[in-house]
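Following is a predicted model, sequence given first.
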Amino acid sequence: MSLRLPLISTALLAACLVLAGCSIVPASFVGSRSAVEIDSQAFDVGLRPNLPIRLYRFVDKNTADVILTDISMESLTDPSGPPPTGNIIHVQLFVHPKPGRTPIASTACSATVQHLVLARGQVGVYTGGGFLYPDAPPGEKYFGGSISAAALRLTRATDQFVDQLGPSQGNISFVAQRDDATVARLLTIIDRLGEVGYPARPRMTEEMRRLSESTLSEIAEPESEGPEESDSDGE
């Protein structure tokens, strides 16, 4: 029996109270280009979620928050209903690349990525970062861009969350509609949901586990340098 369901309900109740001042929530925005591909780097699994709700908040010319989700606003804000199931992705741009001044490469980092997986009352939070190639600076009605090979790993989870991915990579492209107020409130929901989890232990493959155990064994029991010489003269 999960003990985390009441915590999630409490988090959603608090988030609902925050959203109470917003009576109108915009409908899902379907842009001309949006795709999310998350592939495990340790297991033969991946996610291809369809995230029809795509909104962003403008902060300044270098900073923007993008929210992609397949969970309806009603599910996220109604504490009386069943625990929501789905995905929430938060991409935060913290520097807009400038040609000739910003290192532009897939191995560089200009955005953080947070992926929340909600299932059966459990929550898993995968975090990481990557290089966001924006179509244009944020600030207009729509903001689009893409991230290739964002490194992600499970950092927080509720007790019974099952990590099916392990360390993974995310390829994300989007076109999001600007709605500063709604995104600010969604970020509050994300914070609340993240608080119900605990720091997570990474899932390991059998090969990774054997290597880890072997390394720990070598540290605990260092090899002998050879038999010690006897101080006796043959007595």
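Perfect, I can see it now.

which element is the closest residue to Gln92 other than its chain neighbours on?
In this structure, Gln92 finds its nearest non-sequential neighbour in Thr112, 4.8 Å apart by CB to CB, 6 or more residues apart in numbering. (Each C-beta comes from the backbone N, C-alpha and C, glycine too.) Using DSSP states H and E, Thr112 maps to strand 111-119.

same deal with Ala181?
helix 180-195.

what angle separates that helix from strand 111-119?
Angle between the axes of helix 180-195 and strand 111-119 is 60 degrees (criterion: axes from the mean of the first three to the mean of the last three CA atoms, to 10 degrees).

And helix 180-195, what's buried?
Thr182, Val183, Arg185, Leu186, Leu187, Ile189, Ile190, Arg192, Leu193, Gly194 (16 or more other CB atoms under 10 Å).

Reformat these as JSON lines; add distance to Leu55 and pLDDT.
Below are those laid out as JSON lines (distance: CB to CB, whole Å; pLDDT from 0 to 100):
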{"residue": "Thr182", "distance to Leu55": "6", "pLDDT": "91"}
{"residue": "Val183", "distance to Leu55": "5", "pLDDT": "95"}
{"residue": "Arg185", "distance to Leu55": "10", "pLDDT": "91"}
{"residue": "Leu186", "distance to Leu55": "7", "pLDDT": "93"}
{"residue": "Leu187", "distance to Leu55": "11", "pLDDT": "94"}
{"residue": "Ile189", "distance to Leu55": "13", "pLDDT": "91"}
{"residue": "Ile190", "distance to Leu55": "13", "pLDDT": "92"}
{"residue": "Arg192", "distance to Leu55": "18", "pLDDT": "89"}
{"residue": "Leu193", "distance to Leu55": "17", "pLDDT": "89"}
{"residue": "Gly194", "distance to Leu55": "19", "pLDDT": "83"}
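
so which of the residues you listed comes closest to Pro83?
The nearest member of these to Pro83, counting by CB to CB, is Leu193 at 10.4 Å.

The closest one contacts Leu118, doesn't it?
Yes: between Leu193 and Leu118 there is a contact at 7.3 Å, judged by CB atoms under 8 Å.

okay, and the common contacts of those two?
Residues touching both Leu193 and Leu118 (CB atoms under 8 Å, 6 or more residues apart in numbering): Ile88.

So Leu187 sits against Val91, correct?
No: assessed by CB under 8 Å, Leu187 is found out of contact with Val91, at 11.8 Å.

which residues are common contacts for those two?
Common neighbours of Leu187 and Val91 (criterion: CB under 8 Å, 6+ apart): Asp65.

Thank you kindly, that will do.
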